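Enquirer: Predicted model, plus sequence, below.
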Amino acid sequence: MEASPLTQQARPEIFQPKVVQLYEALFKVRQFWMLNSKQCHADFQSLRQDDVDTEEDKPEGFWREFFLLNTDRAALQRILEGFGPDDIISLQPQTRQLFTRSVACLKGGGEGPSLHALETLTTFFSVVLPKKYTNPSSDVIAVLAGLDQVDTVFTDFVGALDNIIRNGQTLELRQSAVEVVLAITSGAYQTGLLTYFIQRDMFPAIMKFIQDSDMPSRILQPFILLGLLANYNKFEFQNPYQLRLNDFVNEAAIQKIIRCVGQTCRNLRLQYIDIQEDLPEGWSITTTLSMIGLGSIAPGTKPNPKKPVYDPEVAKQMFAKLPGEHAAVLLGTYDFTHANKLFCFNLVTLGAEKGEEQPVSAFLSLTSYLLQHAFLSARATNYAHLSLMVFRLLIEDQLICKRICSEESKVAVRLCRQRQPYLPVIRGERILATSVLDTMVDGINHNLRRRLDVSLYTLCVGIMLRIISYLSRSRTRMQYHWSELFRSLLALIRFLTTYASDLKSLTRIETLLDLVVNLLALSLSAGEAFLPTPAAYDDLFYKTVESGDVLIKFRDTYGLTNRPSNSIGTLVSVSTHYKSMLESGGSKRNLTSTEVTDVIKQGYETLSIQAKEGLDGWERYREADERTLLKKMARATVGDVKLMVES
């Protein structure tokens, strides 16, 4: 190794920042790896313990220099990842020094040292907390402060973070404090450390930071943090963050959050589109020439490099990894929707900023992409559930449902078209309820499996029932391709009948059966109130008559006549009525569709639909019923936040 001409000391072959040398000195990296190379594990353990026992506190100058130097997060992460959980426990004197000194720096340091302390803690927590300790809560407390000191040190720590998030000198410093809390929250979600953040109640500080933020992307992390804190053991005790969500009325901050949700949904959707472009192109000179390989001579065309086209199996594997980790935003969105009516109203009504789409449009668009790919992974399925629960909550509010079904709600929504069958393309703006119905129909069409996700189908059909119930009660006729909706429902009945042996034992399958039957019965009995034309009403009867044999088999297979909670008799009686009319019409056996439609029109005069009362009613949402799913979603969000913090 060549000597330096100035100091005559050997120069390292690779330059190493001074702060990395301090990391190595603090954690005794060189000694540790020398000990770790011993052949005898017992000797290694005793030597390491002797090494730890003789550890002394680093001098004041060491820590002053430590926090003045720029953080090398990659190097610190690499060093900490080299230690196993037992090694970290053996390094308690060092880890406690790092933590307590960082807390002291946050309480009294300037902007630069505080920022470096926050960055160091974020890396430290994101690597050390998730390690698989034998006793997670007690071991983590031992690593950070020890049982005797944890209350004092952690109370000071949480107080310092709260103060920085609320009143930090710069937005960057405040953002770094949020990242530290995210690192702790995601890394120690199953330990008792989070109780310190529950006792302190950081909601005012987090909301002040959101209100002071200068761009939607800066709001993402604090909003996700609120979602995690609000879900921490919320079914075991009264979570104060839930109460805060109920009472929050700052509309400016709410609108900032909703714009952040909209932007995040657009970014998440873009990840799907990057794998497979699915925007239907309209006919034009340019597209026609492109189809025959002459796109370059089309007028006004510019070079536009095409996205790669992936093999279907490769694309499927890529889709299975989506949505990205920022989908964690959906947990906080659900909690705000469940708790806060002002948030719900703004989510539906907030307009688009220049050059952007409305937040509700982006949110619904992402939901459609989640639904078309929900079957690929449990994580995607859970996020699809969460999005659907948001729409269920919106639809169950009568004032918001009225808005969603009115002309005022017209908005353009990009719906997923990455898998067949496709629904008709509707260009331009249309009533929001029609896009919601399309999303539900797509959810039904694209997730038919023998191991049916009953909960997902119950949400989809339930949302459709609630919209149609409102339309029939208010006698609101809405232009929509209703034939596609009724075709999907009858196809679902056919599927349920065909694979009954696999489906009968599924949990809550009876609820799904009742919803599907009652939705069709309501449409038959009250279709005049919401279907836009007589032809649309005739088409519904035509499809019901056409499915007569399937309906009878469906009824008998599941024993639906024995349960008063459904109106299967209405469907079967309509089919039977017209079947008898067709059979009594003469010897002509093969009637055309036009002739059958004529018979249906004639049959209205003698048809008596005996629908059960209450078809347009439903059980209101109760969060306790979804306890298992919400706990799964909290765990999934924790995993995503870990990835966010590490990146």
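Expert: Thanks, I have the structure now. Numbering: from 1, shown residues only.

Enquirer: buried residues in the strand or helix carrying V261?
Expert: Using DSSP states H and E, V261 falls within helix 251-275. Judged by neighbour count using 16 or more other CB atoms under 10 Å, the buried positions of helix 251-275 are 253-269, 271-272, 275. Heads up, the C-betas are built off the backbone N, CA and C, glycines and all.

Enquirer: Repeat that for stretch 96-112.
Expert: R96, Q97, L98, F99, T100, R101, S102, V103, A104, C105, L106, G109.

Enquirer: got it, and stretch 143-158?
Expert: V143, L144, A145, V150, V153, F154, F157, V158.

Enquirer: That one spans what distance, first to last residue?
Expert: 17 Å (CA to CA, to the nearest Å).

Enquirer: ok now it, how far from the chain's centre?
Expert: Remark: stretch 143-158 is offset 34 Å from the chain centroid, using CA atoms, centre = their mean, to the nearest Å.

Enquirer: Repeat that for stretch 550-568.
Expert: 36 Å.

Enquirer: who touches that stretch?
Expert: Identification of contacts with stretch 550-568 by CB atoms under 8 Å, 6 or more residues apart in numbering yields 490, 493-494, 496-497, 500, 504, 510, 513-514, 517-518, 521, 544, 569, 571-572, 575, 611-612, 615.

Enquirer: Can you give the contact residues for the strand or helix carrying K631?
Expert: Counting by DSSP H and E, the element that carries K631 is helix 627-646. For helix 627-646, the external contacting residues (CB under 8 Å, 6+ apart) are 77, 122, 126, 130, 179, 182-183, 185-187, 189, 221, 224, 227-228, 231-232, 235, 325-328, 331, 334, 379, 382-383, 385-386, 455, 623.

Enquirer: Please produce a ChimeraX select command covering the buried subset of these.
Expert: Command for ChimeraX, covering only those of the contacts of helix 627-646 found buried under the criterion 16+ other CB under 10 Å:
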select :122,126,130,179,182,183,185,186,187,189,221,224,227,228,231,232,325,326,327,328,331,334,379,382,383,385,386,455,623
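
Enquirer: of all the buried residues of stretch 96-112, which comes closest to L347?
Expert: L106 (35.7 Å; CB to CB).

Enquirer: May I have the predicted confidence score for the closest one?
Expert: pLDDT, L106: 95.

Enquirer: Report the buried residues of the helix holding K631.
Expert: 630, 632-634, 636-638, 640-642, 644-646.

Enquirer: circling back to that earlier point, could you list which of the buried residues of stretch 96-112 belong to helices?
Expert: R96, Q97, L98, F99, T100, R101, S102, V103, A104, C105, L106 (DSSP state H).

Enquirer: ok, back up a step: report the buried members of the contacts of stretch 550-568.
Expert: Neighbour-count burial (16+ other CB under 10 Å) applied to those gives 490, 493, 496-497, 510, 513-514, 517-518, 521, 544, 569, 571-572, 575, 611-612, 615.

Enquirer: Sketch out the low-pLDDT regions of this protein for me.
Expert: Scanning the chain with the threshold set as pLDDT under 70 gives 1-15, 29-56, 281-306, 582-617.

Enquirer: distance of E356 from L350?
Expert: Taking CB to CB, to the nearest Å as the measure, E356 falls 11 Å from L350.

Enquirer: and those two? which has more neighbours close in?
Expert: Each of E356 and L350 has its neighbours counted (other CB atoms under 10 Å); L350 has more, 18 against 15.

Enquirer: Would you mind giving the ones in helices among the buried residues of stretch 96-112 as JSON lines with distance to S365 added?
Expert: Listed next are these as JSON lines, based on distance: CB to CB, whole Å:
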{"residue": "R96", "distance to S365": "49"}
{"residue": "Q97", "distance to S365": "50"}
{"residue": "L98", "distance to S365": "45"}
{"residue": "F99", "distance to S365": "44"}
{"residue": "T100", "distance to S365": "48"}
{"residue": "R101", "distance to S365": "48"}
{"residue": "S102", "distance to S365": "42"}
{"residue": "V103", "distance to S365": "44"}
{"residue": "A104", "distance to S365": "48"}
{"residue": "C105", "distance to S365": "45"}
{"residue": "L106", "distance to S365": "41"}
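
Enquirer: can you tell me which of these lies nearest to F375?
Expert: F99 (44.4 Å).

Enquirer: what's near enough to touch the closest one?
Expert: Contacts for F99 (CB under 8 Å, 6+ apart) come out as L121, F124, L144, A145, V153, F157.

Enquirer: so how far is Q420 from the first one?
Expert: Computed with CB to CB, the distance linking L121 and Q420 is 50 Å.

Enquirer: now the last one
Expert: As for F157, its distance to Q420 is 55 Å (criterion: CB to CB).

Enquirer: same question, the third one
Expert: Computed as CB to CB, the L144 to Q420 distance reads 54 Å.

Enquirer: Return the subset of the contacts of F99 lying in helices.
Expert: L121, F124, L144, V153, F157.

Enquirer: Which single one of the residues you listed is nearest to A25?
Expert: For the ones in helices among the contacts of F99, the residue nearest A25 by CB to CB is F124; the value is 15.8 Å.

Enquirer: now could you export just the CA positions of the helix or strand where F363 lies as PDB?
Expert: If you go by DSSP H and E, F363 is part of helix 359-372. What follows is helix 359-372, C-alpha atoms only, in PDB (Å, rounded to 0.1, in the frame of the first residue of the first chain):
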ATOM      1  CA  PRO A 359     -59.000  12.500  -7.000                       C
ATOM      2  CA  VAL A 360     -62.100  10.400  -6.900                       C
ATOM      3  CA  SER A 361     -61.600   9.500 -10.500                       C
ATOM      4  CA  ALA A 362     -58.000   8.300  -9.800                       C
ATOM      5  CA  PHE A 363     -59.100   6.400  -6.800                       C
ATOM      6  CA  LEU A 364     -61.900   4.600  -8.700                       C
ATOM      7  CA  SER A 365     -59.500   4.000 -11.600                       C
ATOM      8  CA  LEU A 366     -56.900   2.300  -9.300                       C
ATOM      9  CA  THR A 367     -59.700   0.200  -7.800                       C
ATOM     10  CA  SER A 368     -60.600  -1.100 -11.200                       C
ATOM     11  CA  TYR A 369     -57.000  -2.200 -11.800                       C
ATOM     12  CA  LEU A 370     -56.800  -3.800  -8.400                       C
ATOM     13  CA  LEU A 371     -60.000  -5.700  -9.000                       C
ATOM     14  CA  GLN A 372     -58.900  -7.100 -12.400                       C
END
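
Enquirer: All set now, cheers.
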